[in-house]
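Q: need the 3D shape of this:
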Amino acid sequence: MLSQPAARLLKQLAAEGVSPWLVAAGAREILPASPSAAADAALLRGAVAPAADPAAVRRACDALRGAFAASGGQQGRVSVPVDPRAAHDASALVAAARTAGGAVGRPNLLIRVPATAAGLTAMSDCLAMSISVDADLVFSAERYEEFLDAYLTGMERALAAGRPLGRITAAASVPVGVLDAEVDSRLPEPATPAGAAAGVRGTAAVALARQLHRLREERLGTDWWRVLRAAGAEPPSLVWTGVAPWHVGELIGWNTAQAASLEVLEAAGARGGLRGDTLLNAHEEARRALEALEALGVRMRDVARDLEAAELSRLRRAWPFTS
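A: Numbers count the residues shown, from 1 in each chain. Have a look, this model is predicted:
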């Protein structure tokens, strides 16, 4: 059961346009099964699940069906992965997405694919078939721009095929905790506590988040997006994953989501209230923060490349199914 401070935090996040998602602790029960589970689920707007039995995924989808219905299908989603061993095979990812969708049989299922080049091709194909997608492992502005390209292409194809765009959801997931840890590990040890490196530790993820938020705002200002919007399309969501308690108040922006464990939500709730939108029009501050990291020898392009490879390797090792 969520404590009062944690429940209050979830309500504050929702009021700021941030969807609180729960990161499942295990595959057997994606959302907690307890007498208070229904009340807690009513405060959640999504869930990130590991590879799990379709029956467990269905239970989680059903628990969030209220949020799904109330938002017209844009919230209340459960993100589940497909086999990461197919990360560089677009056709295999599409086939896995279709299989997972058929096995779960719930409209609020969100298929999680790695945001590799093949993964984004698969995402575009899935969107064109009305399969909602969560593109995971976005670690750079360049990859996010490719995500936006794939999103628009898929939605254009769906529109041309006469599919209802309002039923299709796309999200880009950015593992902020992993990113901050990796960048900080590459910084030189400061000679003094007030050294240059000390001042930029823990800044990479928030800076990237602000950069991605700006890119999305720019793309949503184009004429073609207005055509899709008029046809019922909703903007793609940005999902911050792996958040630490201190990240929660720093990643506040409309039409974003934060995915956290119950423990992180409780710790963040104990820290106190939010201070409003921290992403909108903060791109210049983000640019300066990223330039400061580059000046200290951290090559963000290298970080993104290495993290994608490392995370894919970790996911392949952890994949529980043999076929």
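Q: run through the strands of this protein in chain order.
A: With DSSP state E, the ranges of strands along the chain come out as 18-23, 46-48, 77-81, 109-114, 133-136, 170-175, 237-241, 256-260.
Q: between those strands, which gets nearest to Arg8?
A: Proximity to Arg8 (C-beta to C-beta) singles out strand 18-23 among these, at 11.6 Å. C-beta coordinates here come from the backbone N, C-alpha and C atoms, glycine included.
Q: between strand 77-81 and the closest one, find me the angle.
A: When axes from the mean of the first three to the mean of the last three C-alpha atoms, to 10 degrees is applied, the directions of strand 18-23 and strand 77-81 differ by 40 degrees.
Q: about what we covered before: turn the strands of the chain into TSV, columns for mean neighbour count and distance to Leu215.
A: Listed next are those as TSV, based on neighbours: other C-beta atoms under 10 Å; distance: least, C-beta to C-beta, whole Å:
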stretch	mean neighbour count	distance to Leu215
strand 18-23	25	18
strand 46-48	26	22
strand 77-81	28	22
strand 109-114	25	20
strand 133-136	28	14
strand 170-175	26	10
strand 237-241	25	10
strand 256-260	25	13
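Q: for Thr322, which of the ones you listed is the nearest?
A: Of all the strands of the chain, strand 77-81 sits nearest to Thr322, with 15.6 Å by C-beta to C-beta.
Q: among the strands of the chain, which is nearest Ala95?
A: Judging those by C-beta to C-beta, what sits closest to Ala95 is strand 109-114, at 11.4 Å.
Q: looking at that closest one now, give me its mean pLDDT.
A: When pLDDT is averaged along strand 109-114, the result is 98.
Q: in terms of secondary structure, what does it contact?
A: Using 3 or more C-beta pairs under 8 Å, 6 or more residues apart in numbering; DSSP states H and E, the elements in contact with strand 109-114 are strand 77-81, helix 90-104, helix 117-128, strand 133-136, helix 300-318.
Q: in its sheet, what does it sit against?
A: Sheet pairing for strand 109-114, assigned by DSSP bridges, gives strand 77-81 (parallel), strand 133-136 (parallel).
Q: could you give the angle of it to strand 170-175?
A: Here the directions of strand 109-114 and strand 170-175 differ by 50 degrees (the same axes, to 10 degrees).
Q: can I get strand 109-114 in PDB, CA atoms only?
A: C-alpha atoms of strand 109-114 as PDB (Å, rounded to 0.1, in the frame of the first residue of the first chain):
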ATOM      1  CA  LEU A 109      -0.800  -3.400 -24.100                       C
ATOM      2  CA  LEU A 110       2.400  -1.500 -25.100                       C
ATOM      3  CA  ILE A 111       5.100  -3.500 -26.900                       C
ATOM      4  CA  ARG A 112       8.600  -2.600 -25.800                       C
ATOM      5  CA  VAL A 113      11.300  -2.800 -28.500                       C
ATOM      6  CA  PRO A 114      14.900  -1.600 -28.300                       C
END
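Q: what's the distance between the residue nearest to Arg210 when sequence neighbours are not counted and Gly154?
A: Closest residue in space to Arg210, ignoring its immediate chain neighbours: Ala286 at 3.7 Å, by C-beta to C-beta, 6 or more residues apart in numbering. For Ala286, the distance to Gly154 equals 28 Å [C-beta to C-beta, to the nearest Å].
Q: follow-up on the earlier one: quick check, the residue nearest to Arg210 in contact with Leu215.
A: No. Shown here, Ala286 and Leu215 do not form a contact pair, counting by C-beta atoms under 8 Å, at 10.7 Å.
Q: so between those two, which is more surrounded?
A: Neighbours of Ala286 and Leu215, each counted by other C-beta atoms under 10 Å, are more numerous for Ala286; the result is 22 against 17.
Q: ok, that one - contacts?
A: 206-211, 214 (C-beta atoms under 8 Å, 6 or more residues apart in numbering).
Q: most surrounded residue in the residues you listed?
A: Busiest of these [other C-beta under 10 Å] is Leu208, holding 27 neighbours.
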